[in-house]
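Asks: with the sequence up front, the predicted model follows.
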There are 2 protein chains.
Amino acid sequence: MPKPAKSVGKLVPKVPKVPRVGVPGVGGRRAAFSASTKRDLVDVAERLFTENGYAGTSLDSIVAGAEVTKGALYHHFSGKQALFEAVFERVERDAAERIQAALGAHADPWEKSLAGLRAFLDVVQEPGYRRVVIQEGPAVLGYERYRELEERSTFANVLDIVQSVLDAGTWRLDEEMKQIFARIFFGALATAGETVSISSEPEAAAQRVEAAIGFMLSGFQVLVENGADLPNSLADRP
Amino acid sequence: MPKPAKSVGKLVPKVPKVPRVGVPGVGGRRAAFSASTKRDLVDVAERLFTENGYAGTSLDSIVAGAEVTKGALYHHFSGKQALFEAVFERVERDAAERIQAALGAHADPWEKSLAGLRAFLDVVQEPGYRRVVIQEGPAVLGYERYRELEERSTFANVLDIVQSVLDAGTWRLDEEMKQIFARIFFGALATAGETVSISSEPEAAAQRVEAAIGFMLSGFQVLVENGADLPNSLADRP
DNA sequence: CGCGAGTACGTACCACCAGTATGTCGCGGT
DNA sequence: ACCGCGACATACTGGTGGTACGTACTCGCG
């Protein structure tokens, strides 16, 4: 049975639609419109993903919010996941920049780590960062892709801090070991941030977290300043 | 336009189907069959969720694997999420029991924490635990529900360990503070476990992680044994 | 200035999938 | 013996991600 040639029936396009952003200056207004469409999509997607999560956000609602159609979305992104990835990268980049800014001034590694901690605790309370990066990032992107993206943004900052702290000691650690330390700290900070943002009084919780991590840093500092050996295994503990 | 009463057409049921588990002993074979069906569903769901993730697993594939139909699934569970939750709880419970077992023997808090660390690093390399609990748990269940379930299983063990370590010091901490420390450690261990299981040589990575955490524990220990003050804020660092 | 081509979308359609409504069978209590 | 209810099975629906294809507008080139 041949498909009845299903009458495609007069594809009447939408009303031409007013261009979506001004400044039609030379150098391709076409391209400018396109970029603005893409940005709008990411904007709306970020909002909706943050509010309702990945699975709870339909592409229809996104394109409706951006006042375009799925055709536009699939022209700019290969699919829902790719759109999420774009949102993820932007949220990440913003966070990394904020942390970077907070770091810049300090030379002393301990003060630097303290400033970094505070900046991170701030960032991690942003709903967008919490939802998109911490909560859904690993599940949606898969762990490998997640780490790949994280590698060169926020995690890079944590690694930087950890390195400067570790290098304050007399011994030197190989790259692998620094990575491990940074990973551990990153995980600790992420859940600490979650704890803070979940808490009924975030202010007090943030104080406690700072105290706890500060305490751990103190332990670190004591060992570093005393030039303690880094054990190869827990077995060397007296 | 009245719906044409769409001929429901002879609901012919499946072949009676041989009962799914033996031991028809007294006390309700009916209930036994039912329980075994439920268990089969959770078994298959655990396998598929672990392999393909939550979104990548269709209910059809689950019921097909369990050799039942969606009717059975929706009779036992209120939906896909509830089924995932059942899987989650089982994976969690198994993990908690394993850790519990590893803990039991030791009295010294430092040895206890060491044993707990090793057990946790073992558990966290299980694909099921990684995928269901660590990776997808927070995203699928939502963070509050996730913590609610976690509260009384694996996390309870971590809390127990942390408490015994912290109580070894001269000072006492309030519950809140212990919770914070436990959270931080839990997060650190989780990402450490991820690092290990992602690594190309998990053995070596596990060694490094043990060394790193052992080092941090040493710092803790030094502070505890010297009766260091727990700062109320990082500001009191000299 | 005309025009061909390609970009930037819009429209219609499909496959799939979670969830629902409704049916039936047989165990188990009476 | 019987019948109520638990334990499923079946058919169907709405919604959703993805695709195939069509069109208008712009930009560069002759």
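Replies: Good, I have the coordinates.

Asks: for the residue positioned nearest the centre of chain A, which non-adjacent residue is closest in space?
Replies: The centroid of chain A falls nearest to residue A:92 when counting by CA atoms, centre = their mean (3.0 Å). Nearest residue to residue A:92 in three dimensions, chain neighbours excluded: residue A:153, at 4.4 Å (CB to CB, 6 or more residues apart in numbering or on different chains). For the C-beta atoms, the positions are set from N, CA and C on the backbone; glycine is no exception.

Asks: which SSE is immediately downstream of the helix or strand harbouring residue A:46?
Replies: Taking DSSP states H and E as the criterion, residue A:46 maps to helix A:29-52. Going down the chain from helix A:29-52, the next helix or strand is helix A:59-65, by DSSP H and E.

Asks: any part of that next one near chain B?
Replies: No. Between helix A:59-65 and chain B, judged by CB under 8 Å from any CB of the partner chain, nothing touches; the nearest distance is 14.6 Å.

Asks: pull the residues that contact the helix or strand just after that helix.
Replies: Once the chain leaves helix A:59-65, the next helix or strand it forms, by DSSP H and E, is helix A:70-76. Applying CB atoms under 8 Å, 6 or more residues apart in numbering or on different chains, the contact partners of helix A:70-76 are A:34, A:37, A:38, A:41, A:59, A:60, A:62, A:63, A:66, A:83.

Asks: so how far is helix A:70-76 off the chain centroid?
Replies: Put simply, helix A:70-76 sits 24 Å off its chain's centre (CA atoms, centre = their mean, to the nearest Å).

Asks: what does stretch A:86-100 give?
Replies: Distance, centroid of stretch A:86-100 to centroid of chain: 5 Å (CA atoms, centre = their mean).

Asks: sketch out the low-pLDDT regions of chain A for me.
Replies: A:1-30, A:170, A:226-238 (pLDDT under 70).

Asks: from DNA strand D, how far off is the residue of it found nearest DNA strand C?
Replies: Closest residue of chain A to DNA strand C, CB to the nearest atom of the strand: residue A:71 (1.8 Å). Here residue A:71 is placed at a distance of 5 Å from DNA strand D (CB to the nearest atom of the strand, to the nearest Å).

Asks: give the burial count for that residue, as a bare number.
Replies: Residue A:71 has 8 neighbouring residues, counting by other CB atoms under 10 Å in any protein chain shown.

Asks: and for residue A:177?
Replies: 17.

Asks: what's the closest non-adjacent residue to it?
Replies: residue B:208 (6.0 Å).

Asks: helix, strand or coil: sort out the one you found for me.
Replies: helix (DSSP: H, G, I helix; E, B strand; the rest coil).

Asks: ok, now which ones touch it?
Replies: Residues near residue B:208 by CB under 8 Å, 6+ apart: A:176, A:177, A:180.

Asks: same thing with residue A:62?
Replies: A:41, A:44, A:45, A:48, A:73, A:83.

Asks: of those - the most surrounded one?
Replies: residue A:45 (27 neighbours).

Asks: ok, now how distant is residue A:220 from chain B?
Replies: 5 Å (CB to the nearest CB, to the nearest Å).
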